[in-house]
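S.K.: need coordinates for the below:
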Amino acid sequence: MREIRSADPWSAFLAPPGRDAGMKPPGAGPAGEPGRARGHAAGGGDDPGAADAYRRVLDQLRAAGGPLSLEQIHHATRLGLLEVADAVEALRERGLVAVEREVDEVVRLTEHGR
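M.R.: The predicted model follows:
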């Protein structure tokens, strides 16, 4: 049986031989579901990356002893800005932090988060 190949080199690059049609590349999400960044669990879920991000944000706020901007949390925790924003949003929904508008938006611990 002959293998049909395209003369277009990109088709060979994009679909290397030996790859099954139903096989996904490593790290690919289920079909039809948009991928989410690590730590991007909306409800807190059971994503260990999200739990680590929550802990790191809370630890940084406790260590600072006062409000911090998202940018300051980003630099101190070395988390991505989206991870910080997702963690702050989840912690705010749990009542552990409050987001206030001063010159910039700042994140502060609530009484429940201390």
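S.K.: so which residues of this protein form strands?
M.R.: In order along the chain, the chain carries the following strands (DSSP state E): 68-69, 97-101, 105-109.
S.K.: how many residues are close by the residue nearest to Leu79 when sequence neighbours are not counted?
M.R.: Leaving out its chain neighbours, the residue that sits closest to Leu79 by C-beta to C-beta, 6 or more residues apart in numbering is Ala53, at 5.6 Å. For every residue, glycine as well, the C-beta is placed using N, CA and C. Look at Ala53: counted by other C-beta atoms under 10 Å, it has 27 neighbours.
S.K.: contacting residues around Ala53?
M.R.: For Ala53, the contact set (C-beta atoms under 8 Å, 6 or more residues apart in numbering) comprises Gly39, Thr77, Leu79, Glu83, Val84, Asp86, Ala87.
S.K.: tell me how far the ends of stretch 89-103 are from each other?
M.R.: Stretch 89-103 has an end-to-end distance of 20 Å (C-alpha to C-alpha, to the nearest Å).
S.K.: how about it: buried residues?
M.R.: Applying a neighbour-count criterion of 16 or more other C-beta atoms under 10 Å, one finds Ala90, Leu91, Leu96, Val97, Ala98 buried in stretch 89-103.
S.K.: same thing with stretch 103-114?
M.R.: By 16+ other C-beta under 10 Å, the buried positions in stretch 103-114 come out as Val106, Val107, Leu109, Gly113.
S.K.: now these in a markdown table, with distance to Leu70?
M.R.: As requested, the buried residues of stretch 103-114 are exported to a markdown table (distance: C-beta to C-beta, whole Å):
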| residue | distance to Leu70 |
| --- | --- |
| Val106 | 8 |
| Val107 | 7 |
| Leu109 | 15 |
| Gly113 | 16 |
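S.K.: Arg62: which of those residues is nearest?
M.R.: Nearest to Arg62 among these: Leu109, at 6.8 Å, using C-beta to C-beta.
S.K.: ok, now which ones touch the residue nearest to that closest one when sequence neighbours are not counted?
M.R.: Distance criterion C-beta to C-beta, 6+ apart; nearest residue to Leu109, sequence neighbours excluded, is Leu61 at 5.0 Å. Each residue near Leu61 by C-beta under 8 Å, 6+ apart is listed here: Leu68, Ile73, Val97, Val107, Arg108, Leu109, Gly113.
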